[in-house]
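K.L.:
kindly generate the corresponding structure for this input.
(2 chains)
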Protein chains: 2
Amino acid sequence: MKKQFHVISTGKQTTEQFAAIASQIHLYVDAIHIREKEKTAKELVERIEALLSSGVPAEKIIVNDRVDVAVACGVKGAQLAYHSLPAKKVKERFPSLFVGCSVHSLEEAVEAEQGGADYCIFGHVFPTECKAGIPPRGVETLAQITSAVRIPVIAIGGIQPSHVPHIWKAGASGIAVMSGVFLANDPLAQVKSYVQMMQG
Amino acid sequence: MKKQFHVISTGKQTTEQFAAIASQIHLYVDAIHIREKEKTAKELVERIEALLSSGVPAEKIIVNDRVDVAVACGVKGAQLAYHSLPAKKVKERFPSLFVGCSVHSLEEAVEAEQGGADYCIFGHVFPTECKAGIPPRGVETLAQITSAVRIPVIAIGGIQPSHVPHIWKAGASGIAVMSGVFLANDPLAQVKSYVQMMQG
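P.N.:
So this is what the prediction gives:
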């Protein structure tokens, strides 16, 4: 199966900055996550509409936590955290929604699969400033998880282009990158570096 | 049409305190709103489940802002604020959900009606500590709104049992009370005082 490349917003950019970057890079990625924890539902709708206006297809947009925003805006899916609605409840009510779970252990990955999640994002695999002080979980744990569940496992956390071969070796189905793309000096060049390593 | 009595959680009580009061009073009210702005979706689900376990019917439970939580838990409806999803988007995707809008002016009430809201809550009508420093909007504005829209208008804000006749005179279809019930020394007695005035 083709490896997946997800990019995730940082919560630190204006709608205009975010949409401008998204419009440059969307052809090279499989999913753009809107992860803006401080934003209201109304603001998330505005952000989605800005992406759509910038040419990003609804099929590539995933909303963090707010299942209602994803469904109301007709975008691809929702990414659920520990504090979100349980995947099982979401899939029961919205079977056609593409549902991912953010997981941090083998147990959570198994739970996500049993709840009907379409995929999970596991991390953080490498050290990252976003999780300063919390030890990275490493590619060994990633490999344990990819062996234990059948749903695609996307790796996240401090991933540089040079890490990609190690991540594939651990059996992951894709990578997810946040500040490594959206806060890069040249997001498009950075995306292309990842894509090159993914294909290489 | 029978006048409606909505009660609204305060965001200041534990799930146990809230559920204990709700179990005492639910027979006397038409709707119990879960308005806990700091709570996650997961915590809201726990709160709904506590209400259901306490004997409160799903048909009386309304969730503030989180349409997804309301739909996933199969409860009656969602109460939308200015920062929430627009009523129109919600009714398009969830036509059977009972949708209320919180409004603060005639313009917002008209917009709620045009968006397909099933009702609106207008306030604050009387002075209230929750809105200290903001002048109450008064029964005259309430009367203007009830004349201008066909959807039921529920009055909120500092409502005491003695205010009820003035609120009916202004054409409102019901009242909504927050701390006046949930933070009362004897919530059940207080609810009965409102009900007595509503029937009187």
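K.L.:
can you tell me how far residue A:1 is from residue A:103?
P.N.:
As judged by C-beta to C-beta, to the nearest Å, residue A:1 and residue A:103 stand 19 Å apart. From N, CA and C alone the C-beta is placed, and that goes for glycine too.
K.L.:
the more surrounded of those two?
P.N.:
Higher neighbour count among residue A:1 and residue A:103: residue A:103, with 24 against 6, using other C-beta atoms under 10 Å in any protein chain shown.
K.L.:
where does the more buried one fall, phi/psi-wise?
P.N.:
Per-residue torsions, residue A:103: phi -130, psi 160 (degrees, to the nearest 10).
K.L.:
just residue A:167 next, same as before
P.N.:
phi -70, psi -40.
K.L.:
what's residue A:71 in contact with, if anything?
P.N.:
Residue A:71 makes contact with A:94, A:97, B:68, B:93 under the criterion C-beta atoms under 8 Å, 6 or more residues apart in numbering or on different chains.
K.L.:
of those residues, which is the most crowded?
P.N.:
Within the contacts of residue A:71, residue B:68 tops the neighbour count with 30 neighbours, counted by other C-beta under 10 Å.
K.L.:
secondary structure element for that residue?
P.N.:
According to DSSP states H and E, residue B:68 maps onto helix B:67-73.
K.L.:
what's the answer for residue A:100, then?
P.N.:
Using DSSP H and E, residue A:100 falls in strand A:98-103.
K.L.:
and that strand, which strands flank it?
P.N.:
strand A:77-80 (parallel), strand A:119-122 (parallel) (DSSP bridges).
K.L.:
after the last one comes which helix or strand?
P.N.:
Tracing the chain past strand A:119-122, the next element assigned as helix or strand by DSSP H and E is helix A:138-148.
K.L.:
list the contacts of that following helix.
P.N.:
By C-beta under 8 Å, 6+ apart, helix A:138-148 touches A:103, A:105-106, A:109-110, A:120, A:122, A:125, A:153, A:155, A:166-167, A:169-173.
K.L.:
same question, stretch A:85-100
P.N.:
Outside of stretch A:85-100, the residues within contact range by C-beta under 8 Å, 6+ apart are A:62, A:67, A:70-71, A:76-80, A:101, A:112, A:114-121, A:154, B:41-42, B:45, B:68-69, B:71-73.
K.L.:
repeat that for stretch A:1-18.
P.N.:
With C-beta under 8 Å, 6+ apart as the test, stretch A:1-18 has contacts from A:21, A:25, A:28-38, A:46-47, A:50-51, A:62, A:64, A:119, A:121, A:152, A:154, A:156, A:168, A:172-179, A:181-183, A:191, A:194-195, A:198.
K.L.:
buried sites along it?
P.N.:
Buried residues in stretch A:1-18, counting neighbours by 16 or more other C-beta atoms under 10 Å in any protein chain shown, are found at A:3-10, A:15, A:18.
K.L.:
farthest pair in those residues?
P.N.:
A:3 and A:15 (29.4 Å; C-beta to C-beta).
K.L.:
chain A against chain B: which residues are in contact?
P.N.:
Within chain A, the positions near chain B by C-beta under 8 Å from any C-beta of the partner chain are A:40-43, A:45, A:65-69, A:71-73, A:82-86, A:89-90, A:92-93.
K.L.:
among those residues, name the buried ones.
P.N.:
Buried among the residues of chain A next to chain B by 16+ other C-beta under 10 Å: A:40-42, A:45, A:65-69, A:71-73, A:84-86, A:89-90, A:93.
K.L.:
residue B:135 is nearest to which of the strands paired with strand A:98-103?
P.N.:
Among the strands paired with strand A:98-103, strand A:77-80 sits nearest to residue B:135 (C-beta to C-beta), with 40.6 Å.
K.L.:
off-centre distance for that closest one?
P.N.:
Centroid separation for strand A:77-80 versus its chain: 9 Å, with C-alpha atoms, centre = their mean, to the nearest Å.
K.L.:
let me see the mean pLDDT of that strand.
P.N.:
Strand A:77-80 carries an average pLDDT of 98.
K.L.:
again with stretch A:84-92
P.N.:
97.
K.L.:
same question for stretch A:98-105.
P.N.:
In the prediction, stretch A:98-105 has an average pLDDT of 98.
K.L.:
can you flag which of the contacts of stretch A:1-18 belong to strands?
P.N.:
Counting by DSSP state E, the contacts of stretch A:1-18 place A:31-34, A:62, A:64, A:119, A:121, A:154, A:156, A:174-177 in strands.
K.L.:
quickly find the element holding the residue nearest to residue A:179 when sequence neighbours are not counted.
P.N.:
Leaving aside its chain neighbours, residue A:179 sits nearest to residue A:10 (5.5 Å; criterion: C-beta to C-beta, 6 or more residues apart in numbering or on different chains). Using DSSP H and E, residue A:10 falls within no helix or strand.
K.L.:
how much space between residue A:10 and chain B?
P.N.:
21 Å (C-beta to the nearest C-beta, to the nearest Å).
K.L.:
same check, this time on residue A:14
P.N.:
Taken as C-beta to the nearest C-beta, the span from residue A:14 to chain B is 18 Å.
K.L.:
pLDDT weak spots in chain A?
P.N.:
Within chain A, no stretch falls below the threshold (pLDDT under 70).
K.L.:
circling back: need the buried residues of stretch A:1-18 in a markdown table with secondary structure and distance to residue A:140, can you?
P.N.:
What follows is the buried residues of stretch A:1-18, written out as a markdown table (DSSP: H, G, I helix; E, B strand; the rest coil; distance: C-beta to C-beta, whole Å):
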| residue | secondary structure | distance to residue A:140 |
| --- | --- | --- |
| A:3 | coil | 20 |
| A:4 | strand | 21 |
| A:5 | strand | 23 |
| A:6 | strand | 22 |
| A:7 | strand | 25 |
| A:8 | strand | 24 |
| A:9 | coil | 29 |
| A:10 | coil | 28 |
| A:15 | helix | 39 |
| A:18 | helix | 34 |
